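K.L.:
attaching a predicted model along with its sequence, questions to come.
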Amino acid sequence: DLLRDTLDCSGPGGDDVAVAVTGFGYDAGLLTAALAVGPGTGLPAGSYRLFACATLTDSAGNELDGAGDGGAAEPYLLDFAIVATPQLANPNYDDDLGGWSVAGPVPEEWSHGAEDGEGKPFSGSARLETLAGSGVSWFLEQCVDTVDPGPTRLSALVRIASGAPDAPAVRAFLTWMDGAGCTGGGLAGTGASPDLVGDTAGSWHAVAIPPFDPPPVAASFWLTFEVTGGSAESYTVEIDRALYPESFGLFGDGFESGDVCLWNETEGGASCP
């Protein structure tokens, strides 16, 4: 019912359903823990509550101060919402390029990169590094069986290191198919991003396909990231955080984040940048 009824670590309340934690990592330098949950494509759309139970202790036996008030043996909880069910496998390239196909003159020049587009300590990116990329094209792609009825959009983060100001070029595009599993015939339809061109000076930039409606009979599509070398001979391209479908954001999180800065006027005089 989209209500969080669970109040403690004793078990789900109401119609809540427990989601298994499948992995855990900790970065002592950043004092940051990361949990792996869900089926591998991200949590489906819904309302969630994460509990760190009061029974947790550190290596010295200190109990969890979940309230941050100097007490002990207190749980910590975090409420959050997922506004759209992810349809891409391995969209953040956390450990590898599983779920994606690579192609190019030397496909092995695609690899898993350690740098993450959002600075996450336990994730990474898809990385293309070549010394012979002039005049050739490279591809990173995935077949998506579930077609959102739309309108929707798709985006990713891209970073380019190149000695040329106008090359390489990176874009995303969709190829619609009338059969499941990207079989059958191709269909006409919209779905291509503008090119991101040349060195990005160490910054990650969004490459986004504008809002689109799938062809009515589409059953699947290929999502392709294309890198075109142009005049650049050596370059590195990193791709991360591929989102489909991406929320449009106006009512994106049901106001649960407290961010109302997309609105012209709000009660209480919210402060926005």
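P.N.:
Looks like it arrived, so ask away.
K.L.:
correct me if wrong: Gly104 contacts Ala132.
P.N.:
No - applying Cβ atoms under 8 Å, one finds Gly104 not in contact with Ala132, separated by 10.5 Å. All C-beta spots, glycine's among them, are computed from the backbone N, C-alpha and C.
K.L.:
which of the two has more residues huddled nearby?
P.N.:
Gly104 (19 against 12; other Cβ atoms under 10 Å).
K.L.:
just give the nearest non-adjacent residue to that one, would you?
P.N.:
Spatial nearest neighbour of Gly104, excluding adjacent residues (Cβ to Cβ, 6 or more residues apart in numbering): Trp138 at 3.6 Å.
K.L.:
which SS state does Glu108 fall under?
P.N.:
Using DSSP: H, G, I helix; E, B strand; the rest coil, the structure places Glu108 in helix.
K.L.:
burial check on it, number of neighbours?
P.N.:
Neighbour tally, Glu108, other Cβ under 10 Å: 7.
K.L.:
for Arg171, which residues are in contact?
P.N.:
By Cβ atoms under 8 Å, 6 or more residues apart in numbering, the contact list for Arg171 reads 192-196, 207, 225-226, 228.
K.L.:
in a markdown table: the residues you listed, plus secondary structure.
P.N.:
Converted to a markdown table, the contacts of Arg171 look like this (three-state DSSP):
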| residue | secondary structure |
| --- | --- |
| Ala192 | strand |
| Ser193 | coil |
| Pro194 | coil |
| Asp195 | coil |
| Leu196 | strand |
| Val207 | strand |
| Phe225 | strand |
| Glu226 | strand |
| Thr228 | strand |
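K.L.:
in what helix or strand does Gly71 lie?
P.N.:
Using DSSP states H and E, Gly71 falls within no helix or strand.
K.L.:
count of residues packed around the closest residue in space to Phe225 that isn't next to it in sequence?
P.N.:
Leaving aside its sequence neighbours, Phe225 sits nearest to Leu140 (Cβ to Cβ, 6+ apart; 4.4 Å). When counting by other Cβ under 10 Å, one arrives at 26 neighbours for Leu140.
K.L.:
and for His112?
P.N.:
14.
K.L.:
need the three-state assignment for it.
P.N.:
Going by three-state DSSP: His112 is strand.
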